[in-house]
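below are the sequence and a predicted model for it; my questions follow.
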Amino acid sequence: MYKTKDGEEIFVIDSHIHLWDGSKENQLNIHGDQFISCFYDYHKNLSPEEYVWPKENFLKYDPETLTKDVFVKSYVDMGIFQPVYLKEFYKNGFGDFDENEKLSKKYPNRLICNGTFDPRHGERGLEILEQNKHKYDWQGIKLYTADWVGDSKGYKLSDDSAKRYLEKCQELGIKNIHVHKGPTITPLNRDAFDVADIDDAASCFPELNFIVEHVGLPRLEDFCWIATQEKNVYGGLSVAMAFIHTRPRYFAEIISELLYWLDEDRILFGSDYALWEPSWLIEKFIAMELPEDIQQETGVTFDLNVKKKILGENAAALYNIDIQAQKEKLKSCPLAKQRA
């Protein structure tokens, strides 16, 4: 929890974290090395110097490191795992549902474990999705539309096969669909992350929430035009947040565009840990003010109330979290005692 100078408490939900394995032992081929190396380039180029990890630590880190960085050293009260398959690159996949679940059980009320699917897995994939819903009680799904399966290097949410899976999510009560629609990662195809298919999916499934991770960068304008029409489309700030350090004016332009086109209730904070540690992102976000010329042009409000919504209240609404009740539950958490 972040406390302002006036003693006001801000409940923080990091809506985009990972416990990944990009180690040499797990890499299936050269593409596994390419992918995690591209991740590391983002990490070292956009992080403050004192937060840059040695690459060997970045490839694979243990659950204790995650809990320390996210919940003890930082201000985060809850985190949401957003795993992906990438099984063409990694022997055991990049994320592990069971490892996420194990950590969430060790620290109750701290973590929400989302899952994933790939519509190219056909009928068997639908069966597995249903099994996983019952096993893990997923509330959300993270999708990588540029993931590879055999000769296929991507799919669209407007595909009939994808719509069948979205129908299944709706049937199972999995309402939050997080979709990577941001910068490409080597060797994935940039065009497979295009935001255009969000428009059709959001229109076809108004009861589902589509959280566009990385707010469509570098297609911010396209994303905003879609999200202003489709009220079940949200913007996840992970990746975009990191520019608050290296390109603060650029980030000011991003956040002001989002506030202008969407509303303050549809923007979510995410660190994309372990790409970036959440502590410095939160500190800089709280301290940030919009440049006067941007403020005058857009006329948007970016005060503490708006920041509180983005940092936690909006994610809480999506995941039916009663913040006051959650605060009470977390008081007995051993991580809270370590932080104190």
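It's in. Numbering: from 1, shown residues only.

tell me where the model's unsure across the protein.
Scanning the chain for pLDDT under 70 picks out the ranges 340.

for it, which segments count as strands?
Counting by DSSP state E, the chain has strands at residues 2-3, 9-10, 13-17, 78-81, 111-113, 140-143, 176-180, 209-213, 233-236, 267-268.

for residue 287, find the nearest of those.
strand 2-3 (11.0 Å; CB to CB). (Each C-beta comes from the backbone N, C-alpha and C, glycine too.)

list the neighbouring strands of the closest one plus their orientation.
strand 9-10 (antiparallel) (DSSP bridges).

touching the partner strand from outside, list them.
1, 2, 3, 4, 75, 286, 304, 307, 308, 311, 312, 327 (CB atoms under 8 Å, 6 or more residues apart in numbering).

ok, stretch 40-48 next?
52-53, 55, 58, 183, 239, 242-243, 245-246, 274-277, 280.

switch the cut-off to 6 Å
With contact meaning CB atoms under 6 Å, 6 or more residues apart in numbering, stretch 40-48 is reached by 52, 55, 58, 242, 245, 246, 275, 276, 280.

dump those into CSV; add neighbour count and distance to residue 144 as well.
Formatted as CSV, those follow (neighbours: other CB atoms under 10 Å; distance: CB to CB, whole Å):
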residue, neighbour count, distance to residue 144
52, 14, 25
55, 13, 23
58, 19, 20
242, 24, 19
245, 16, 26
246, 12, 25
275, 22, 15
276, 23, 19
280, 19, 26
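
of the residues you listed, which belong to helices?
With DSSP state H as the criterion, helices contain 55, 58, 245, 246, 280 from among the contacts of stretch 40-48.

please name the nearest non-neighbouring residue to residue 201.
residue 157 (3.9 Å; CB to CB, 6 or more residues apart in numbering).

about what we covered before: what is the nearest of the ones in helices among the contacts of stretch 40-48 to residue 188?
Of these, the one sitting nearest to residue 188 (CB to CB) turns out to be residue 58, at 18.7 Å.

give me every residue that touches residue 104.
By CB under 6 Å, 6+ apart, residue 104 lies in contact with 111, 113.

that one and residue 22, how far apart?
Counting by CB to CB, to the nearest Å, the gap from residue 104 to residue 22 is 21 Å.

can you check residue 231 too?
In terms of CB to CB, residue 231 sits 37 Å off from residue 22.

the two - which one has more neighbours?
A direct count of neighbours by other CB atoms under 10 Å for residue 231 and residue 22 places residue 22 higher, at 24 against 14.

contacts only, for the more buried one.
36, 59.

give me the number of residues near residue 79?
By other CB under 10 Å, neighbour count at residue 79 equals 30.

again, but for residue 190
12.

isn't it up against residue 183?
No: if you go by CB atoms under 6 Å, residue 190 and residue 183 don't touch, sitting 8.2 Å apart.

closest to residue 338 among the ones in helices among the contacts of stretch 40-48?
residue 280 (19.2 Å).

distance of the closest one relative to residue 102?
28 Å.

got it, and residue 29?
Residue 29 is 28 Å from residue 102, by CB to CB.

test my guess that residue 158 contacts residue 198.
No: in this structure, residue 158 is not within contact of residue 198 by CB under 6 Å, at 8.9 Å.

before we move on, back to that, reformat the ones in helices among the contacts of stretch 40-48 as JSON lines; add distance to residue 33.
Converted to JSON lines, the ones in helices among the contacts of stretch 40-48 look like this (distance: CB to CB, whole Å):
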{"residue": "55", "distance to residue 33": "11"}
{"residue": "58", "distance to residue 33": "13"}
{"residue": "245", "distance to residue 33": "27"}
{"residue": "246", "distance to residue 33": "25"}
{"residue": "280", "distance to residue 33": "28"}
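
now, among those, which is nearest to residue 136?
Residue 136 has its nearest neighbour among the ones in helices among the contacts of stretch 40-48 in residue 58, at 26.6 Å by CB to CB.

that closest one - nearest residue in space that isn't next to it in sequence?
The shortest distance from residue 58 to any non-neighbouring residue, by CB to CB, 6+ apart, is to residue 40 (5.3 Å).

the one you found: neighbour count?
Using other CB under 10 Å, residue 40 has 18 neighbouring residues.

before we move on, what about residue 295?
For residue 295, the neighbour count with other CB under 10 Å is 15.
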